[in-house]
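Peer 1: My questions are about this predicted structure, shown below with the sequence.
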Amino acid sequence: MPNRELAGVLNQLAGTTGLEAQGAANVWAGTTNRELLGALNYKAGTVGIEFAGVCNILAGTTGLAGLHALNVLAGNVSA
């Protein structure tokens, strides 16, 4: 499966379609009205981690670009 763009991969992880990235991140995290980074940090159980870092935490990877880490987590690409 090819690498997806941010909204696409977050919709995939959330089990939704057609939402913008922030909305899909909130559904996936079980939150409402959080900014994208806030929802991802909530999902990871962290606070204040930057995008690439929190995505790597969620994916169980290290050193990847955030979008790549999310695509790894979703099974779209390998690490």
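Peer 2: Received, thanks.
Peer 1: burial measure for the closest residue to Val77 other than its chain neighbours, as a count.
Peer 2: Among residues not flanking Val77 along the chain, Asn71 sits closest, at 4.7 Å (C-beta to C-beta, 6 or more residues apart in numbering). Just so you know, the C-beta spots here come from the backbone N, C-alpha and C atoms, and that holds for glycine as well. Close neighbours of Asn71, defined as other C-beta atoms under 10 Å, add up to 27.
Peer 1: Any figure for the gap between Asn71 and Thr32?
Peer 2: 25 Å (C-beta to C-beta, to the nearest Å).
Peer 1: Equivalent analysis for Tyr42, please.
Peer 2: The spacing between Tyr42 and Thr32, counted by C-beta to C-beta, is 11 Å.
Peer 1: between the two, which one's more packed in?
Peer 2: A count of neighbours by other C-beta under 10 Å puts Tyr42 above the other of Tyr42 and Thr32, at 18 against 9.
Peer 1: I'd say that one and Asn33 touch.
Peer 2: No - taking contacts as C-beta atoms under 8 Å, Tyr42 lies outside contact range of Asn33: 11.6 Å.
Peer 1: what's the helix or strand for Val9?
Peer 2: Using DSSP states H and E, Val9 sits within helix 6-14.
Peer 1: which stretches of the protein form helices?
Peer 2: Along the chain, counting by DSSP state H, helices occupy 6-14, 21-29, 36-44, 51-59, 66-74.
Peer 1: now the first one: how far from the chain's centre is it?
Peer 2: For helix 6-14, the distance from its own C-alpha centre to the chain's C-alpha centre is 7 Å (C-alpha atoms, centre = their mean, to the nearest Å).
Peer 1: what's the angle between it and helix 36-44?
Peer 2: With axes from the mean of the first three to the mean of the last three C-alpha atoms, to 10 degrees applied, the angle from helix 6-14 to helix 36-44 works out at 20 degrees.
Peer 1: buried ones in helix 6-14?
Peer 2: Under the neighbour-count criterion of 16 or more other C-beta atoms under 10 Å, helix 6-14 has Leu6, Ala7, Gly8, Val9, Leu10, Asn11, Gln12, Leu13, Ala14 buried.
Peer 1: Understood, closing this out.
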